[in-house]
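Chemist: predicted structure and sequence below. I'll ask about it afterward.
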Amino acid sequence: MRILVTGGAGFIGSAVCRYLVLEAGDVVLNVDKLTYAGNPESLRKLARHSSYKFAREDICDRAAMDRLFADFQPDGVLHLAAESHVDRSITGAGDFVTTNIVGTFSLLEAARAYWSQLAPRRRSEFRFVQVSTDEVYGSLGAVGAFTEGTPYDPSSPYSASKAAADHLASAWHRTYGLPVVISNCSNNYGPFHFPEKLIPLIILNAMHGRPLPVYGDGSNIRDWLFVEDHARALHTVLKRGQPGEKYNIGGRNERQNIDVVRQICRILDRLQPTGAGREQLITFVKDRPGHDQRYAIDASKLEGELGWRAQETFESGIEKTVRWYLQNEWWWRPLRDKVYAGERLGLTANAE
Ligand SMILES: NC(=O)c1ccc[n+]([C@@H]2O[C@H](COP(=O)([O-])OP(=O)(O)OC[C@H]3O[C@@H](n4cnc5c(N)ncnc54)[C@H](O)[C@@H]3O)[C@@H](O)[C@H]2O)c1
């Protein structure tokens with residue numbers, strides 16, 4: 001398949017590009033603006049691969065998107081490009097509205113113009129996968145899990161912008177017949193994760209004996225999925241997902257944030273002992289405004305209808321992730337030195 005991937009220089013997008021080219025044998029055009037979150041170093045393995053092409057473009061640029069569709073002639077789109085960090089959305093929502101909503105609109109229109117002139121067979125096989133998040137569903141109480149029927153109830157500027165984009169994608173299917181499939185995935189973790197997100201931030205701070213910031217009392221629950229499992233799930237959704245359908249993606253790995261942090265400390269204490277246990281570095285800090293308490297994904301539709309299963313448990317995936325950060329300073333060192341050094345993000349004036 002010829003697949004146009006947007007946001008392929010980001011955390012999940014780079015795992016998707018590596019999977020598609022190196023394991024699935026697909027041909028990929030990666031369209032990425034290279035914001036602070038985009039990093040071509042995550043794609044080193046593909047740089048000279050004949051099945052991989054890169055275009056530095058903004059998805060909001062409709063003319064550029066039209067040109068890329070015409071030149072590359074994709075069989076499908078995996079749309080991951082987004083502003084993705086909740087904390088940044090709290091202090092600067094504009095970029096989220098622009099890229100996540102206006103950018104998705106621009107890409108949907110370019111895809112529709114391209115798809116509508118395809119020959120009937122390619123037209124019926126074409127897919128546009130809108131890659132979304134479980135955060136659009138809002139926050140859960142102590143029990144239950146999000147299903148594909150759970151109403152949207154986003155809490156943050158980030159999740160609201162993703163929800164808006166999902167509604168646009170769904171409307172482009174109902175109104176124009178564009179073969180859109182939407183995926184809603186839980187929190188990802190793994191190699192090449194930008195160091196401002198919880199797990200890489202904690203790993204790097206713990207490696208360097210720095211405080212380990214935990215929001216609120218650390219009781220918030222996330223449902224963690226290893227990023228390579230997400231890449232395989234997106235490939236499955238692209239190949240076998242039904243137009244107009246939604247698929248939840250998750251690995252049934254609910255953990256309280258504080259337990260994730262403690263587990264990372266234990267792994268590092270074992271792999272790189274320092275004498276003093278790293279749990280003493282845990283520091284509780286002011287909570288994130290609008291912080292959702294609990295997310296949990298029911299992925300039984302994807303498992304039952306499309307046959308996908310997560311391959312990593314949280315235990316195996318977090319061990320691989322910690323080892324990866326220990327072995328790949330060449331990747332994270334320039335980011336820590338030049339892009340993000342670990343400072344607190346996402347506090348409003350009222351919350352300070
Ligand atoms: N990280 C998670 O846990 C998670 C979970 C579920 C869903 N998602 C979704 O998956 C997608 C990827 O998430 P991620 O964590 O890899 O994000 P990321 O922030 O690591 O990467 C986003 C990528 O998009 C690019 N980009 C941003 N604005 C762009 C624009 N206007 N035009 C072109 N490219 C642009 C960036 O340069 C970057 O490479 C997002 O749509 C996100 O909402 C993420």
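Modeler: That came in fine, so what should we check first? Computed from a prediction, not measured in an experiment: that's the story for all the values here. Numbering: from 1, shown residues only.
Chemist: quick one, strands of the stretch 251-352 of the chain?
Modeler: When assigned using DSSP state E, counting those that start in this stretch, the strands of the stretch 251-352 of the chain occupy the ranges 254-256, 282-285.
Chemist: winner for burial among these?
Modeler: When neighbours are counted by mean count of other CB atoms under 10 Å, the highest per-stretch mean among these falls to strand 254-256, a mean of 18. (C-beta placed from N, C-alpha, C; glycine too.)
Chemist: mind listing what residue 42 touches?
Modeler: Residues touching residue 42, when contacts are defined by CB atoms under 8 Å, 6 or more residues apart in numbering, comprise 9-11, 14, 192, 331.
Chemist: adding distance to the ligand, write the strands of the stretch 251-352 of the chain out as CSV.
Modeler: Shown next, in CSV, are these (distance: least, CB to the nearest ligand atom, whole Å):
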stretch, distance to the ligand
strand 254-256, 14
strand 282-285, 21
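Chemist: and of these, who's closest to residue 35?
Modeler: Across the strands of the stretch 251-352 of the chain, the minimum distance to residue 35, taken as CB to CB, is reached by strand 282-285, at 25.8 Å.
Chemist: tell me the SS of residue 130?
Modeler: The three-state label given to residue 130 by DSSP: H, G, I helix; E, B strand; the rest coil is strand.
Chemist: just give the closest residue to it, not the sequence neighbours.
Modeler: Take residue 130 and drop its neighbours on the chain: the residue closest to it by CB to CB, 6 or more residues apart in numbering is residue 169, 3.9 Å away.
Chemist: cool, and residue 218?
Modeler: Distances taken as CB to CB, 6+ apart place residue 258 nearest to residue 218, at 3.0 Å, with adjacent residues excluded.
Chemist: which ones are touching that neighbour?
Modeler: For residue 258, the set of contacting residues under the criterion of CB under 8 Å, 6+ apart consists of 214, 217-219, 282.
Chemist: quick one: neighbours of the residue of the chain at minimum distance from the ligand, just the number.
Modeler: Nearest to the ligand in the chain, going by CB to the nearest ligand atom, is residue 10, at a distance of 2.0 Å. Close neighbours of residue 10, defined as other CB atoms under 10 Å, add up to 25.
Chemist: re the thing from before, out of the contacts of residue 258, who has the most neighbours?
Modeler: residue 214 (22 neighbours).
Chemist: would you check how far apart the residue lying closest to it once chain neighbours are set aside and residue 345 are?
Modeler: Leaving aside its chain neighbours, residue 214 sits nearest to residue 284 (5.4 Å; criterion: CB to CB, 6+ apart). Note on residue 284: its distance to residue 345, by CB to CB, to the nearest Å, is 17 Å.
Chemist: same deal with residue 144?
Modeler: Counting by CB to CB, the gap between residue 144 and residue 345 amounts to 30 Å.
Chemist: okay, those two: which has more neighbours?
Modeler: residue 345 (16 against 11).
Chemist: follow-up on the earlier one: contact partners for the residue of the chain closest to the ligand?
Modeler: Neighbouring residues of residue 10 by CB under 8 Å, 6+ apart: 32, 37-39, 42, 80-81, 84, 194.
Chemist: among those residues, which are in strands?
Modeler: Applying DSSP state E to the contacts of residue 10, the entries found in strands are residue 32.
Chemist: tell me how far stretch 323-343 lies from the chain's centre.
Modeler: 19 Å (CA atoms, centre = their mean, to the nearest Å).
Chemist: my bad, should have said stretch 49-62
Modeler: Distance, stretch centre to chain centre, for stretch 49-62: 18 Å (CA atoms, centre = their mean).
Chemist: ok, now stretch 27-47?
Modeler: Between the centre of stretch 27-47 and the centre of its chain there are 14 Å (CA atoms, centre = their mean).
Chemist: how about the residues of this structure that lie near the ligand?
Modeler: The interface of the chain toward the ligand, taken as CB under 6 Å from any ligand atom, is made up of 6-7, 9-13, 32-35, 37-38, 58-60, 80-84, 99, 103, 131, 133, 162, 185, 187-188, 194.
Chemist: what about the helices in the stretch 201-350 of the chain?
Modeler: Counting by DSSP state H, counting those that start in this stretch, the stretch 201-350 of the chain forms helices over residues 227-240, 257-271, 300-306, 314-327, 329-338, given from the N-terminal end onward.
Chemist: contacting residues around residue 50?
Modeler: Residues in contact with residue 50, defined by CB under 8 Å, 6+ apart, are absent; none qualify.
Chemist: pLDDT weak spots in this protein?
Modeler: Low-confidence regions of the chain, defined here as pLDDT under 70, cover residues 349-352.
Chemist: please name every helix or strand in contact with the lengthiest helix in it.
Modeler: If you go by DSSP state H, the chain has its longest helix at helix 157-176. Applying 3 or more CB pairs under 8 Å, 6 or more residues apart in numbering; DSSP states H and E, one finds that helix 157-176 makes contact with helix 86-91, helix 94-96, helix 104-116, strand 127-133, strand 180-185.
Chemist: my guess is the residue nearest to residue 130 contacts residue 184, does it?
Modeler: No. With contact defined as CB atoms under 8 Å, residue 169 and residue 184 do not form a contacting pair (11.6 Å).
Chemist: tell me which element residue 200 is part of?
Modeler: Here residue 200, judged by DSSP states H and E, is contained in helix 198-207.
Chemist: got the angle for that helix vs helix 314-327?
Modeler: Relative orientation of helix 198-207 and helix 314-327, computed by axes from the mean of the first three to the mean of the last three CA atoms, to 10 degrees: 50 degrees.
Chemist: perfect, that will be all.
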